[in-house]
Structures are given as structure tokens and as C-alpha cells.
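Q: my questions concern the predicted model and sequence given below.
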Amino acid sequence: MKPIGNGRISARQFKIMIVFSLIGDSILILPNLMGNISHQDAWLSQLAAIACGMALAWAYAALLGRLGRLSFVGAWTALLGRIAGSALGLVYAYGFYAMVLALLAEISLFMRAQMMRETPAEAIMLAFLIVIAAGLRYGIETFARTSELLYPIFIAMFLFLSLCLLPQIKADQLLPIAGAGMPQIAEGSFLSFAYGFLESAVLLMLTPYLEDDRKAARSAIFKGFLTGGLMLFLILLLCVLVLGPSMMELKHYPTFQLAQRIEIGRFLERLEALLTFLWIVTVFYKALLYSFSLQKTISEIARLQDDRILAMPLCLLMLAGGMISVPNIAAYNELIKAQFPYYDLILYLGGPLLLLLLLAIPAARRRLEARQPRAG
Amino acid sequence: MRKRMRICLVLSCLLLLSGCWSRRELNDLLVVLGMGIDWVDGQYLVSFQVVNPSEISSKTKGASRAPGTLYQGRGNTIFEAARSLTTQAPRLMYLGHLQLFVLSEEIARRGVASVIDSPLRDNEARMDYNVVIARGATAAEILDLYTPLERLPTYSMQQSLRTSERSWAPTVAVTMSDMINKLSDDGQQLVLTGIEIEGSRKQAGRPSNLTGFRPAASYNYRGIGAFKGDKLIGWLNEKESKGFTDLTDNLDSTSIELPCSPTGYTGIEVTSSVTRLMPRLRDGKPEFLVKIWAQGDVVENACSMVDFNRDATFVDLEKRSENIVRSNAEAAIRWAKRHETDVLGFGSALAKKHPAYWERARDDGNSSGFSQAAIVFDIDVVIRKTGTIGNSVKPKE
Amino acid sequence: MYALLTGCFWLAAAAALDRRELLRRGRKKELVLAAAIGLAGLLLFAAHGLHVPLPNPLDLTSLFRGGKTG
């Protein structure tokens, strides 16, 4: 294994990982959540969310330029000093841990509701975590390259899903346009903004590994946000057009229903198990990136030289946490509706914006520059 | 050494690949094609028609055994009824290939929402099977029937329903997902087609049903059942049903018969039909414009004096066809108004076009407000061809 | 019981896979931290397996909304 610091990711890999983490679990839960709030106007909400998301991309890109070779948590430590920085780092470590637990709960609930009813949650989480542990042990360079391999397959399957659903579209299900009312549409777009765009903030933990071309990395954020946002938009639009708002509100996983709807002739049907690939990959990458950030944060707080050996113990901690954290689907729904929006706002909007503001002060910027690690 | 250990590790992974935890192999499953629900003595009586795989393979010939088996179980929940069957059946039911879901008329009158919860919640059942109501028979009797041509009765019934919706008109093929949408959307009430058994009930479930050219018993779709909320309140007759499918734009093709002499008729085949329901507000009151564009051909003519060489004949036939289409539609609307149930989806069309008005009307408790609304027809039937001949054969005087 | 076994097996695998990195000179901090996290995970998992009531780690997320729950 190579020592740390040697992992390098290209702008393209950076973009792909942003797309994956943005789509993440949103592809599964957003249609149902937004269907309950903005009904047939979920797609309008998503358009608004993309607009806000691009503003956020601007903020993240600006921050990315300022951070240099420091990660987000590393930059805070550099500014605030060891003790305050570590305390903040622990808050973020908890945040990343909570997100991984939520994602584990999400995937196990989904698998158990739709595909494998009798499989215990432990087994699903364990299978998922084994792959995450492998990803963490191989290091960022390896899983970044893997994402580059998976991306074309992902896009092809996504297009296949969308195209196969075209014959099932019922256009009048969109009507009345904007009938849900502005407050509802805004509320729906906030959800998408929080779960999709804000939770991509994990990209700020990858800065130490980016190749030196910062301009390319900044445009990768814009491209990634736009691509991911548009893909979610397409999924939501198809949910409204094919399933209709009532079905979106009723079923927990409307995207899975979409895949079930594919029926071309009497031979091209029952593809849902194949298309599950789509959200397994995105949820996996989101969980992997958050686990990676957790590992990175801990190693920065403790100033470790080699953080990969934390991979296996951390995954065990996640497995245990995953088992005790979400007892049932009601608890999960409560969690994502009542808790996570605030969590997202404070950690991933408040934190980065505050840092950006601080770095507008020249003294702070100089301090940060003085503490840049030497190029490795 | 190290290499050998790795090989062992990789090989041991193969043990995990024998299948997933909840795998269900084909020989552990009973493939359910039809499911019927009756209400007997305060409990559900659930009938599952499962396929006998060996009997439908093309190699076996002759009906030595039935193509399917009917299992029946009782319970307070549908799940209890299904699981109680394990005492009679060798395997567990698998709903992934369900084709037809039959509700008894009594269940439909009591309310369907509680019955469809179970198949909706289930992860195996898909949403694309058709739902029908057993008329004048129990749901179990519908599933206990030998059908000619298709060995699987549910397949035959499903195909017949889909074909007749497209090319005959007085039926609607409602799938489970349509049903959910119609149950929960406002301004739109549920409809389901009725299915009945014609002929000898006793013979229906025996192989001897098919020994003659004419089956002793056969199924027949008759009438569209209209719901209010989730309760069946009545049946549309054939004329009203035709009007219904035309108004809801489900109709593709149907037949129109125009009298041309005291005993003879001219037959028109409608080859395509498009309907648009356009709600508008006039002086704050809703009004519906129903536009129907249809095309048709003359396919039969019993009167030799009808002259297809004259343009005026076509104009006349078109006009009379339009009147028939209109009277069907009016009959359906009259029925819906009389029973105050918006099966035609007028409210839903209004809600889509004028959401603000709809919102107000609904809050005033006037959701069946369409019963006072004016309905204006704009029907245009165009007759283009007369088949491969012009005028009919004129017999000698 | 199974939880304890799974956890022990997992840690054994971790030790076997990373033994060289874990025992490298001058990396004591890493070893201690890894062991601590691993043991914490094992304890939690085992406790869950034995049906000991445990506080939910995700309950802390409610702090982000000012401590209100629900």
C-alpha cells in the first residue's frame, strides 16, 4: 500500500463522484417525499432546487479555491487552533457518521421492503459494509478510478430506464401546473436542495487529493451539480408523468415502481432487479465518500500518518450503529423529515459559508496559506 | 503459500454465491395467476388460481388434468387466508405473475379500499394486473372455469378484457395502479368492469365443459360498475358503458348500427376516436365542452337503396352516427348525474384546468358540482370508405 | 451471540489484513486508535445482539435543530 498523500484524483473523477453523491439516496426517497409535498409539481420544485444548487456550487467552488491542499476540517483547525478545531472536527465526524448510518438504514429498508423480505438487516448492512471497507482500504485513488469505470454503465442504464418509459407517459398528470401553490413547491425544492445538493458538501473533504488544476476542479463542481440535478429532475418528471402524483405519495420507493413499469411488447419487462444497480451504486458511493470523510477527519484530528488501518474498525462501528439507530421505517421517515434538513443546513451550508466569510479576511487567508502542507 | 491462501479465500467466496438469503426457487413457488376475494360469514374467502406447470407445457396434450388448481382459504385478513393454505398446498403462493384480481360484488358494495391494501403492500405483486368484479357469481366461480383456446382461464380473461376495451367499447381494463389513482384522485371516481358466467354453472369447472363445440359455460364481460368512494353503487348498461368509454377516451374502435329500413341496418366500424374534455368557466359556472373526433368505414349494409355514390349519403350517415355517439354519451352522463358519482372524471378535468375554482367548489362541499354543469357536445364523425365495394348487391325484381 | 462472533471475526480479519501497518514502528497512535474504535464497535454490536437497550446514536442529530425532537 502506498503511503497517504499519494492518492490523486482527476477533475473528471471528482465530477463523477459529485454526481454519484448528489444522486445518492435522493433517487430513492425524494420522489415519495416531494410527492407528498409538492404533488404533481415535484419537477418544478426540482428546477428551483437546481437553481439554488448552482448558487451553492459557486460557494463550494470559491471555497475550493481558497482551501488549497487543506481539507475542509483541516482548514478550520488551521484557523481556530488545535483544540477548537478538533472540537469542530468531532462535530463533523459525528455528522459524517450519522449520515452513513442513515444511508445504511435506507438501503436495508429498501432491500427488505422491495426485494428480499426475509433477509435480516444485519446481512444487508454487512454486505454493504464489506465493500465500503474494501474501498477505504484500497484508498481514494482506487475508488475514484472505479467510479470512472462505473459511470458509463450508470449513464447507459439511466438513459435506458428513461427511454423505455416514454411510451407510458400520460401528459395530463402534470396538470394543473403549479397548482400545488408556491409554498408547497418551495418546501419541496428545499428538500431536494438539502438531500441532494447540500449533502454533496462531502466533496470539500476531497481537496487534499485533487490534482493541481484547480480551475478544472471548480468547473467539475458546476458540471457535477448540473448533471446530478438534471438526472434527479428527469426521475421526478418521469414519476409524475408515468406513475401520477397519487402513486408517488403512496409507495415508499416510486423509482422502483418506475422500473417495474417498463413493458415493451411482452418481452422487455420485469427489469427492476437489473435497474436496482442504479441506486445501489449511487447510495454506495455516497456512503463510501462519507465513510472516507469520517476516516479522514479522525486521522486529521489525531494527526495520524496512516489512516487506512482505521477502515476496518470504523466499519464495525458503523455496522453496530446501523443496527441500533433505526428501529423501523417510521423512525426513519421521522428522521429524514424532521432532523436531517437542519443537520444539512447547519453542517453543510452554515459551516462552509462561515469559512468562506472568514477567508475574506486577508489575515485569515495568510494564516491558512502558512499552514498549507508541503506538496507531496 | 500466500498465493495458495488467496486462492482458498477466493474459492470460499463461491460458497456465498449459492444464492441470496431470500431466494425463492421456481420449485418452491406456486405461481398465482388469478386471485378472487369473496365475503363469507364475516371473513374473507380468498381463492388462488395457480398454474400447473406440467399441464401448460406444449408437450403434454389433452386435458388429463386441469391447467390450474384453485386453492381456497379463509381468514380475517387476506394474508391469514393465504397462509392457511399451506395446510393444503405444497408450496407458498407467489404473486409476481398475477394477471387477474376478481372481487365479488358484495365486497365491491362493502368497499374495496380495505381489500386492495394487502396486494398493494406486498412486494411481489406488481401493479399491472387487471381488476374486475364478479357479477351474479362468486369470485371463486369465475376462477373455476375451463376456457377454450387458451388453457389458462385468467390469461384468456385478461386478453379478452384488453381486446374488448379497444375494439368493442363497453368494458374498461382497469389495472391495479389505475385503480389506486382513481381511488385517491379527487374529481374522479372508480369504475370496474363486471364479469359473469353464462351457461351451466355445474359444467363450468369440469373438463367436460369443453367437449362440445359450444362450451357449456363461458365467461362474459357485462357492464361497467360505477363506484362512489370505494363502494360500488350501480352498473352502467351497454349503451351507457359505450358512452362511458367514449367520453373517457378509452375507445379506439367500435360498431355503430344505423337503421336504413324497418328491418335492415347499415353497419359502421369506428376505426379511431379521440375525445377531449374541455372544462371552462362561464359567468363563474363550470361548463364542459366534449369534443369527439371519430373516423369510420361502412362495413355492412342491408339496404340496397342506400346510394354510396352520392356525397349526401355520407353526410347523412355521418350525421346519424354523430347522433348515436351523442346519445350514448348523454346516457352515460345522465346515469352519472342521477347517481351523483363523477365516474367520467369531469371534476378531475376541471381541477386540472381551473384549480382555483375547483378548490373553492370542493371546500363548499360541492365536489359533485358537475351534476349542475352544462355539457356541450361537439361531435365530428367522418366516414371515409365503404370497403372493397360501393353499393350493395341489388337482387332482381 | 452471532453479533459477538461476527464482530470478533471482523476484527480478526482487520488484524490479519493490516498487521504489518498496525505493528510498524512509530505508529503507536494508529494502533491505539484503531483498537479503541474496533473495541467500541464490538461492544456496541455485542450489546445490541444481547438486546441491551442502547441509546440511539442518531438522536444527537436533534441537537442541530436546537434540541427539539419530533
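A: Looks like it arrived, so ask away.
Q: chain A: strands as residue ranges?
A: Applying DSSP state E to chain A gives strands spanning A:263-264, A:268-269.
Q: lowest average pLDDT across those?
A: Here the lowest mean pLDDT among the strands of chain A goes to strand A:268-269, at a mean of 74.
Q: for residue A:12, which residues are in contact?
A: Remark: with contacts taken as CB atoms under 8 Å, 6 or more residues apart in numbering or on different chains, residue A:12 is in contact with A:148, A:220. Every C-beta, even on glycine, is put in place using the N, C-alpha and C of the backbone.
Q: distance check, it against chain C.
A: As judged by CB to the nearest CB, to the nearest Å, residue A:12 and chain C stand 30 Å apart.
Q: and the strands of chain A: which comes nearest residue A:123?
A: Smallest distance to residue A:123 across the strands of chain A (CB to CB): 28.9 Å, for strand A:268-269.
Q: would you mind finding the most buried of the strands of chain A?
A: Mean neighbour count (mean count of other CB atoms under 10 Å in any protein chain shown) peaks for strand A:263-264 among these, with a mean of 16.
Q: that one near chain B anywhere?
A: Yes: using CB under 8 Å from any CB of the partner chain, strand A:263-264 reaches chain B at residue A:263.
Q: in its sheet, what does that strand sit against?
A: Paired neighbours of strand A:263-264 in the sheet (DSSP bridges): strand A:268-269 (antiparallel).
Q: so residue B:360 is in which element?
A: For residue B:360, the element it lies in under DSSP states H and E is helix B:355-363.
Q: for that helix, packing partners?
A: When contacts are defined as 3 or more CB pairs under 8 Å, 6 or more residues apart in numbering or on different chains; DSSP states H and E, helix B:355-363 packs onto helix B:346-353.
Q: quick one: the longest helix along chain B to helix B:346-353, angle?
A: When every helix of chain B is counted residue by residue (DSSP state H), the longest turns out to be helix B:311-339. Put simply, helix B:311-339 runs at 100 degrees to helix B:346-353, going by axes from the mean of the first three to the mean of the last three CA atoms, to 10 degrees.
Q: how many residues are close by the closest residue to residue A:161 other than its chain neighbours?
A: Spatial nearest neighbour of residue A:161, chain neighbours left out: residue A:275 (5.6 Å); criterion: CB to CB, 6 or more residues apart in numbering or on different chains. For residue A:275, the count of nearby residues is 20 (other CB atoms under 10 Å in any protein chain shown).
Q: how near is residue A:275 to residue A:264?
A: Counting by CB to CB, to the nearest Å, the separation of residue A:275 from residue A:264 is 14 Å.
Q: equivalent analysis for residue A:278, please.
A: Residue A:278 is 18 Å from residue A:264, by CB to CB.
Q: list the contacts of residue A:351.
A: Applying CB under 8 Å, 6+ apart, the residues near residue A:351 are A:72, A:92, A:201.
Q: helices along chain B, start to end?
A: In chain B, the segments counted as helices under DSSP H are B:2-16, B:53-56, B:78-84, B:105-110, B:113-121, B:139-143, B:153-167, B:176-184, B:201-204, B:238-247, B:311-339, B:346-353, B:355-363.
Q: remind me what the fifth one packs against, helices and strands.
A: Helices and strands touching helix B:113-121, as assessed by 3+ CB pairs under 8 Å, 6+ apart, comprise helix B:78-84, helix B:176-184.
Q: a markdown table for those, including mean pLDDT?
A: Output for the helices and strands packed on helix B:113-121, formatted as a markdown table (pLDDT from 0 to 100):
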| stretch | mean pLDDT |
| --- | --- |
| helix B:78-84 | 86 |
| helix B:176-184 | 86 |
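Q: can you tell me which of those helices is most buried?
A: The most buried one of the helices and strands packed on helix B:113-121 (mean count of other CB under 10 Å) is helix B:176-184, showing a mean of 20.
Q: who are the packing partners of that helix?
A: helix A:245-250, helix B:113-121, strand B:130-134.
Q: mind listing what's buried in stretch A:297-313?
A: For stretch A:297-313, burial by neighbour count (16 or more other CB atoms under 10 Å in any protein chain shown) applies to A:297-301, A:304, A:306-313.
Q: and which of those is nearest chain B?
A: Among those, residue A:312 lies closest to chain B (CB to the nearest CB), at 15.8 Å.
Q: circling back: can you say which of the strands of chain A is nearest to residue B:357?
A: strand A:263-264 (37.1 Å).
Q: now that closest one, how far from the centre of its chain.
A: 31 Å (CA atoms, centre = their mean, to the nearest Å).
Q: ok, now stretch B:374-393?
A: With CA atoms, centre = their mean, you get 27 Å for stretch B:374-393.
Q: how about the CA coordinates for stretch A:46-60, as CSV?
A: Extracted as CSV, the C-alpha positions of stretch A:46-60 are listed here (Å, rounded to 0.1, in the frame of the first residue of the first chain):
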residue,chain,number,x,y,z
GLN,A,46,-36.5,20.3,-8.6
LEU,A,47,-35.9,23.0,-11.2
ALA,A,48,-35.9,25.6,-8.3
ALA,A,49,-33.6,23.3,-6.4
ILE,A,50,-31.2,23.1,-9.3
ALA,A,51,-31.1,26.9,-9.5
CYS,A,52,-30.3,27.1,-5.7
GLY,A,53,-27.8,24.3,-6.2
MET,A,54,-25.9,26.2,-8.8
ALA,A,55,-25.5,29.1,-6.3
LEU,A,56,-24.2,26.6,-3.8
ALA,A,57,-21.8,25.2,-6.4
TRP,A,58,-20.5,28.7,-6.8
ALA,A,59,-19.9,28.9,-3.0
TYR,A,60,-18.3,25.5,-2.8
